[in-house]
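> Fold the following, please.
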Amino acid sequence: MNTNFEYYYNHVPGKDPSRNNLIYTSLINKDRTVFVQWFHNDSAYHKGYNEVLDQHLMLAKWQRECDMLSKMQHTFADHVPKIIDIDHAEKKIYLEIQNVDFWEQSHGKEFTQVLPDWQSQMLEIIQAHQQLGLYKYSLHPSSYFIVNGKLKSINYFFCYHEDEPAITVQDHLSHISHNRRQHVYDHMARMGINVNQPTDYKKLQILCLKSFSDCYPKQFIDQAIKLFQ
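Residues are numbered from 1 along each chain as shown. This next block holds a predicted model:
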(Lines give C-alpha, C1' and ligand atoms only; values in the text may rest on other atoms or scores of the structure.)
Protein backbone atom coordinates (compact mmCIF):
# COMPACT_ATOMS: atom_id res chain seq x y z
CA MET A 1 0.00 0.00 0.00
CA ASN A 2 1.29 3.47 -0.93
CA THR A 3 2.70 5.04 2.24
CA ASN A 4 0.87 8.29 1.45
CA PHE A 5 -2.39 6.44 2.10
CA GLU A 6 -3.78 4.85 5.23
CA TYR A 7 -6.87 2.88 6.17
CA TYR A 8 -9.94 5.07 6.52
CA TYR A 9 -12.24 4.37 9.45
CA ASN A 10 -15.33 6.03 10.83
CA HIS A 11 -15.31 7.03 14.48
CA VAL A 12 -18.28 6.98 16.80
CA PRO A 13 -17.78 8.69 20.18
CA GLY A 14 -17.36 6.05 22.87
CA LYS A 15 -16.79 3.24 20.39
CA ASP A 16 -13.78 1.79 18.61
CA PRO A 17 -13.07 3.00 15.07
CA SER A 18 -15.19 1.02 12.61
CA ARG A 19 -14.68 0.22 8.95
CA ASN A 20 -16.07 2.81 6.59
CA ASN A 21 -17.47 0.20 4.19
CA LEU A 22 -18.54 -3.43 4.49
CA ILE A 23 -17.48 -4.50 0.99
CA TYR A 24 -14.28 -2.77 -0.12
CA THR A 25 -11.27 -1.45 1.78
CA SER A 26 -11.34 2.32 2.31
CA LEU A 27 -8.14 4.35 2.03
CA ILE A 28 -7.45 8.06 2.40
CA ASN A 29 -4.34 10.15 1.88
CA LYS A 30 -2.78 12.05 4.76
CA ASP A 31 -3.94 15.41 3.39
CA ARG A 32 -7.58 14.21 3.27
CA THR A 33 -7.81 15.19 -0.40
CA VAL A 34 -8.01 11.73 -2.02
CA PHE A 35 -10.28 8.83 -1.08
CA VAL A 36 -9.70 5.35 -2.50
CA GLN A 37 -12.26 2.61 -2.96
CA TRP A 38 -10.06 -0.50 -3.02
CA PHE A 39 -12.07 -3.56 -4.02
CA HIS A 40 -9.76 -5.84 -2.12
CA ASN A 41 -10.73 -8.17 0.71
CA ASP A 42 -8.27 -6.92 3.33
CA SER A 43 -8.63 -8.92 6.54
CA ALA A 44 -6.58 -6.39 8.51
CA TYR A 45 -8.95 -3.57 7.59
CA HIS A 46 -12.13 -5.62 8.07
CA LYS A 47 -10.77 -7.14 11.29
CA GLY A 48 -11.87 -10.63 10.33
CA TYR A 49 -15.47 -9.63 9.58
CA ASN A 50 -15.07 -9.69 5.81
CA GLU A 51 -18.45 -9.80 4.08
CA VAL A 52 -17.41 -10.70 0.52
CA LEU A 53 -15.08 -13.68 0.38
CA ASP A 54 -15.99 -14.77 -3.15
CA GLN A 55 -13.63 -13.10 -5.62
CA HIS A 56 -16.15 -13.30 -8.46
CA LEU A 57 -18.64 -11.35 -6.34
CA MET A 58 -15.99 -8.78 -5.42
CA LEU A 59 -15.17 -8.41 -9.11
CA ALA A 60 -18.85 -7.85 -9.88
CA LYS A 61 -19.03 -5.16 -7.20
CA TRP A 62 -15.91 -3.48 -8.60
CA GLN A 63 -17.30 -3.47 -12.11
CA ARG A 64 -20.65 -2.09 -10.95
CA GLU A 65 -18.95 0.73 -9.02
CA CYS A 66 -16.83 1.63 -12.05
CA ASP A 67 -19.79 1.54 -14.45
CA MET A 68 -22.34 3.40 -12.34
CA LEU A 69 -19.93 5.99 -10.95
CA SER A 70 -18.61 6.71 -14.44
CA LYS A 71 -22.18 7.04 -15.73
CA MET A 72 -22.90 9.61 -13.03
CA GLN A 73 -19.61 11.40 -13.72
CA HIS A 74 -20.50 11.67 -17.40
CA THR A 75 -24.02 13.04 -16.95
CA PHE A 76 -24.17 14.51 -13.44
CA ALA A 77 -20.55 15.33 -12.59
CA ASP A 78 -21.63 17.83 -9.93
CA HIS A 79 -23.19 15.05 -7.83
CA VAL A 80 -20.17 12.73 -7.51
CA PRO A 81 -16.52 13.28 -6.61
CA LYS A 82 -14.13 13.84 -9.48
CA ILE A 83 -12.57 10.56 -10.58
CA ILE A 84 -8.82 11.11 -10.47
CA ASP A 85 -7.91 7.64 -11.68
CA ILE A 86 -9.27 4.11 -12.05
CA ASP A 87 -6.57 1.49 -11.53
CA HIS A 88 -8.05 -1.63 -13.08
CA ALA A 89 -5.06 -3.79 -12.18
CA GLU A 90 -5.28 -2.94 -8.47
CA LYS A 91 -9.08 -2.44 -8.53
CA LYS A 92 -8.77 1.01 -7.01
CA ILE A 93 -10.84 4.13 -7.72
CA TYR A 94 -9.18 7.40 -6.69
CA LEU A 95 -11.63 10.20 -5.88
CA GLU A 96 -11.03 13.88 -5.20
CA ILE A 97 -12.41 14.91 -1.79
CA GLN A 98 -12.10 17.56 0.88
CA ASN A 99 -11.91 16.35 4.47
CA VAL A 100 -13.62 13.25 5.87
CA ASP A 101 -17.09 12.05 4.83
CA PHE A 102 -20.39 13.78 5.61
CA TRP A 103 -21.30 11.46 8.49
CA GLU A 104 -17.85 11.68 10.07
CA GLN A 105 -18.03 15.46 10.00
CA SER A 106 -21.46 15.43 11.68
CA HIS A 107 -20.47 13.81 14.98
CA GLY A 108 -21.76 16.01 17.78
CA LYS A 109 -23.47 18.31 15.27
CA GLU A 110 -26.67 18.64 13.30
CA PHE A 111 -26.33 17.90 9.58
CA THR A 112 -27.35 21.48 8.87
CA GLN A 113 -24.34 22.70 10.84
CA VAL A 114 -22.11 20.76 8.46
CA LEU A 115 -24.01 21.58 5.26
CA PRO A 116 -27.05 23.90 5.62
CA ASP A 117 -28.83 22.75 2.43
CA TRP A 118 -27.91 19.07 2.62
CA GLN A 119 -31.56 17.96 2.26
CA SER A 120 -32.18 19.72 -1.05
CA GLN A 121 -28.81 18.57 -2.37
CA MET A 122 -29.44 14.93 -1.44
CA LEU A 123 -32.88 15.06 -3.05
CA GLU A 124 -31.28 16.46 -6.22
CA ILE A 125 -28.91 13.49 -6.28
CA ILE A 126 -31.81 11.05 -5.92
CA GLN A 127 -33.63 12.82 -8.76
CA ALA A 128 -30.50 12.56 -10.92
CA HIS A 129 -30.54 8.81 -10.30
CA GLN A 130 -34.17 8.73 -11.39
CA GLN A 131 -33.35 10.49 -14.65
CA LEU A 132 -30.76 7.82 -15.42
CA GLY A 133 -33.09 4.99 -14.39
CA LEU A 134 -30.88 4.12 -11.42
CA TYR A 135 -31.85 2.85 -7.99
CA LYS A 136 -29.12 3.34 -5.38
CA TYR A 137 -29.45 1.65 -2.01
CA SER A 138 -26.26 2.79 -0.30
CA LEU A 139 -27.64 5.90 1.38
CA HIS A 140 -25.80 6.08 4.70
CA PRO A 141 -24.36 9.56 5.41
CA SER A 142 -20.87 8.05 5.14
CA SER A 143 -21.62 7.46 1.43
CA TYR A 144 -21.28 11.20 0.80
CA PHE A 145 -18.42 13.69 0.82
CA ILE A 146 -18.59 17.48 0.63
CA VAL A 147 -16.46 19.27 -1.95
CA ASN A 148 -16.69 23.06 -2.28
CA GLY A 149 -20.03 23.05 -0.53
CA LYS A 150 -21.50 20.36 -2.80
CA LEU A 151 -22.63 16.95 -1.61
CA LYS A 152 -20.93 14.13 -3.55
CA SER A 153 -22.36 10.62 -3.72
CA ILE A 154 -20.30 7.39 -3.78
CA ASN A 155 -20.83 3.63 -3.29
CA TYR A 156 -22.55 2.68 -6.52
CA PHE A 157 -21.72 -1.02 -6.13
CA PHE A 158 -25.19 -1.20 -4.53
CA CYS A 159 -26.98 0.42 -7.47
CA TYR A 160 -29.08 -1.06 -10.28
CA HIS A 161 -30.56 0.12 -13.55
CA GLU A 162 -34.30 -0.23 -14.02
CA ASP A 163 -33.80 -2.55 -17.01
CA GLU A 164 -31.87 -5.13 -14.99
CA PRO A 165 -33.58 -8.22 -13.53
CA ALA A 166 -35.16 -7.73 -10.11
CA ILE A 167 -33.03 -8.56 -7.06
CA THR A 168 -33.71 -10.09 -3.64
CA VAL A 169 -32.79 -8.69 -0.24
CA GLN A 170 -31.28 -12.07 0.68
CA ASP A 171 -28.62 -11.76 -2.01
CA HIS A 172 -27.55 -8.36 -0.64
CA LEU A 173 -27.41 -8.91 3.10
CA SER A 174 -23.62 -8.52 2.95
CA HIS A 175 -24.26 -4.86 2.06
CA ILE A 176 -26.33 -4.27 5.19
CA SER A 177 -24.69 -4.01 8.60
CA HIS A 178 -25.83 -6.48 11.26
CA ASN A 179 -27.00 -3.57 13.42
CA ARG A 180 -29.30 -2.34 10.63
CA ARG A 181 -30.71 -5.67 9.45
CA GLN A 182 -33.44 -5.96 12.10
CA HIS A 183 -34.53 -2.41 11.24
CA VAL A 184 -34.77 -3.48 7.59
CA TYR A 185 -36.65 -6.69 8.45
CA ASP A 186 -39.23 -4.74 10.46
CA HIS A 187 -40.01 -2.50 7.49
CA MET A 188 -40.03 -5.49 5.12
CA ALA A 189 -42.73 -7.12 7.24
CA ARG A 190 -44.87 -3.95 7.10
CA MET A 191 -44.38 -3.66 3.33
CA GLY A 192 -44.98 -7.35 2.60
CA ILE A 193 -41.49 -7.93 1.16
CA ASN A 194 -40.13 -11.49 1.23
CA VAL A 195 -36.38 -11.68 1.78
CA ASN A 196 -36.02 -14.36 -0.92
CA GLN A 197 -38.47 -12.90 -3.44
CA PRO A 198 -37.24 -10.70 -6.33
CA THR A 199 -38.77 -7.30 -5.66
CA ASP A 200 -39.49 -4.21 -7.74
CA TYR A 201 -36.64 -1.68 -7.58
CA LYS A 202 -38.98 1.18 -6.68
CA LYS A 203 -40.40 -0.76 -3.74
CA LEU A 204 -36.89 -1.62 -2.58
CA GLN A 205 -35.91 2.05 -2.83
CA ILE A 206 -38.78 2.99 -0.53
CA LEU A 207 -37.76 0.19 1.85
CA CYS A 208 -34.20 1.50 1.82
CA LEU A 209 -35.30 5.05 2.61
CA LYS A 210 -37.51 3.86 5.47
CA SER A 211 -34.64 1.81 6.87
CA PHE A 212 -32.56 4.99 7.17
CA SER A 213 -35.17 6.77 9.30
CA ASP A 214 -32.73 6.44 12.21
CA CYS A 215 -30.14 8.47 10.30
CA TYR A 216 -32.18 11.20 8.67
CA PRO A 217 -35.08 13.39 9.88
CA LYS A 218 -38.63 12.27 9.06
CA GLN A 219 -39.21 15.32 6.87
CA PHE A 220 -36.39 14.31 4.54
CA ILE A 221 -37.42 10.64 4.42
CA ASP A 222 -41.01 11.60 3.61
CA GLN A 223 -39.89 13.95 0.81
CA ALA A 224 -37.60 11.34 -0.68
CA ILE A 225 -40.27 8.61 -0.59
CA LYS A 226 -42.72 10.89 -2.43
CA LEU A 227 -40.33 10.86 -5.39
CA PHE A 228 -41.12 7.15 -5.86
CA GLN A 229 -44.88 7.22 -5.33
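
> alpha carbons only for contacts and neighbour counts from here, please
Noted.

> Mind jotting down where the strands sit in the protein?
When assigned using DSSP state E, the strands of the chain occupy the ranges 5-7, 9-10, 18-19, 25-29, 34-38, 83-87, 92-96, 134-136, 144-147, 150-153, 159-161.

> Next one: the residue nearest to Met72 when sequence neighbours are not counted relative to Leu95, how far apart?
Counting by CA to CA, 6 or more residues apart in numbering, Val80 is the residue found nearest to Met72 once chain neighbours are left out, at 6.9 Å. Distance check for Val80 against Leu95: by CA to CA, to the nearest Å, it reads 9 Å.

> higher neighbour count, the two?
Higher neighbour count among Val80 and Leu95: Val80, with 25 against 19, using other CA atoms under 10 Å.

> and the more buried one, what does it touch?
Going by CA atoms under 8 Å, 6 or more residues apart in numbering, Val80 touches 69, 72-73, 151-154.

> ok so, going back, looking at the strands of the chain, which is nearest to Met191?
In terms of CA to CA, the element of the strands of the chain nearest to Met191 is strand 134-136, at 18.1 Å.

> got the angle for the helix ranked longest in the chain vs strand 92-96?
Residue-count comparison of every helix in the chain, with assignments taken from DSSP state H, identifies helix 55-75 as the longest. For helix 55-75 against strand 92-96, the angle between stretch directions is 30 degrees (axes from the mean of the first three to the mean of the last three CA atoms, to 10 degrees).

> quick one: stretch 109-128 to chain centroid distance?
Shown here is stretch 109-128, whose average C-alpha point lies 15 Å from the average C-alpha point of the whole chain (CA atoms, centre = their mean, to the nearest Å).

> Now do the buried residues in that stretch.
Buried residues in stretch 109-128, defined by neighbour count with 16 or more other CA atoms under 10 Å: 111, 114-115, 118-119, 121-123, 125-128.

> List the contacts of that stretch.
The list of residues contacting stretch 109-128 from outside it, by CA under 8 Å, 6+ apart, reads 76, 79, 102, 105-106, 149-151, 153, 220, 224, 227.

> Give me the buried entries from those residues.
Of all the contacts of stretch 109-128 considered here, the ones buried according to neighbour count by 16+ other CA under 10 Å are 79, 102, 105-106, 150-151, 153, 220, 224.

> Which pair in these has the greatest spatial separation?
For the buried ones among the contacts of stretch 109-128, the farthest-apart pair by CA to CA is Gln105 and Ala224; their separation is 22.7 Å.
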